[in-house]
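Colleague: Sequence and predicted structure, then a few things I'm wondering about:
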Amino acid sequence: MNDAVRNLTMVRDRIADAAREAGRKPKDVALVAVSKTFGADEIRPVVEAGQRVFGENRVQEAQGKWPGLKDAYPDIELHLIGPLQSNKAREAVALFDVIETVDREKIAGALAAEIAKQGRRPRLYVQVNTGLEPQKAGIDPREAAAFVARCREVHGLEIEGLMCIPPVDENPGPHFGLLEKLAGEAGVEKLSMGMSGDYETAIAFGATSVRVGSAIFGSRAYPGA
């Protein structure tokens, strides 16, 4: 058993324990294994261990490794969890099953156009910048419910959930609590929140999916670092 597969088992167990501790069913929390910067050869053992939901940050990087894996394992579900540029909407709609980073009108319009053109409907989440960080993508929390409504009514998009990435130097709990509150206001049921360092906290606040990368695949070596 390689390290990633061993780590996967541990993370699954911790998700199940956190769900039960919160009075929830483990099956109601999906694990999104974040595979950014790792190649197909490093991902394959995790797929073979039964993991089927993965997350990537960049459209171009995902295009280089996922078509072959998805051909081999047709039940893989691929999430885009990084910022989406409108000029990548065509590729994103073609490749991803879930796009978690809808955060502005231009992206909503570009996705609506590509969904109509391709006849492929990835599931969509609105990203909320709960910490109002200027360097981070996501819509202002005060505008989240109205933006979800515009996505539906103006662009004809089906928004199923909200996503957030809390500031790294703050207690994530209040941010997860805010996202849960906003989901109620927006009329969505899914909450994508929690990463390697805080996914158990996110589960306590109602996360329906957690995005875990380094706790499974190990630390990343970024190009040029």
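Modeller: Good, I have the coordinates. Numbers count the residues shown, from 1 in each chain.
Colleague: tell me what whatever helix or strand residue 64 lives in is packed against?
Modeller: Taking DSSP states H and E as the criterion, residue 64 maps to helix 59-72. The helices and strands touching helix 59-72, judged by 3 or more Cβ pairs under 8 Å, 6 or more residues apart in numbering; DSSP states H and E, are helix 40-48, strand 53-56, strand 77-80, helix 89-95. Quick note: C-beta positions are derived from backbone N, CA and C, even for glycine.
Colleague: Please produce a markdown table containing these, extended by mean neighbour count, distance to residue 168 and mean pLDDT.
Modeller: Formatted as a markdown table, the helices and strands packed on helix 59-72 follow (neighbours: other Cβ atoms under 10 Å; distance: least, Cβ to Cβ, whole Å; pLDDT from 0 to 100):
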| stretch | mean neighbour count | distance to residue 168 | mean pLDDT |
| --- | --- | --- | --- |
| helix 40-48 | 15 | 25 | 97 |
| strand 53-56 | 23 | 18 | 98 |
| strand 77-80 | 22 | 21 | 98 |
| helix 89-95 | 19 | 26 | 98 |
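Colleague: Can I get these in TSV including distance to residue 215?
Modeller: Formatted as TSV, these follow (distance: least, Cβ to Cβ, whole Å):
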stretch	distance to residue 215
helix 40-48	12
strand 53-56	13
strand 77-80	17
helix 89-95	25
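Colleague: Show me the shaky parts of this protein.
Modeller: For the chain, the stretches with pLDDT under 70 are 1, 220-225.
Colleague: can you give me the strands for the protein?
Modeller: Using DSSP state E, the strands of the chain run over 30-34, 53-56, 77-80, 98-102, 123-128, 159-164, 190-192, 209-212.
Colleague: Any idea which of those strands gets closest to residue 179?
Modeller: Evaluated over the strands of the chain, closeness to residue 179 peaks at strand 159-164, with 4.8 Å, by Cβ to Cβ.
Colleague: Noted, bye for now.
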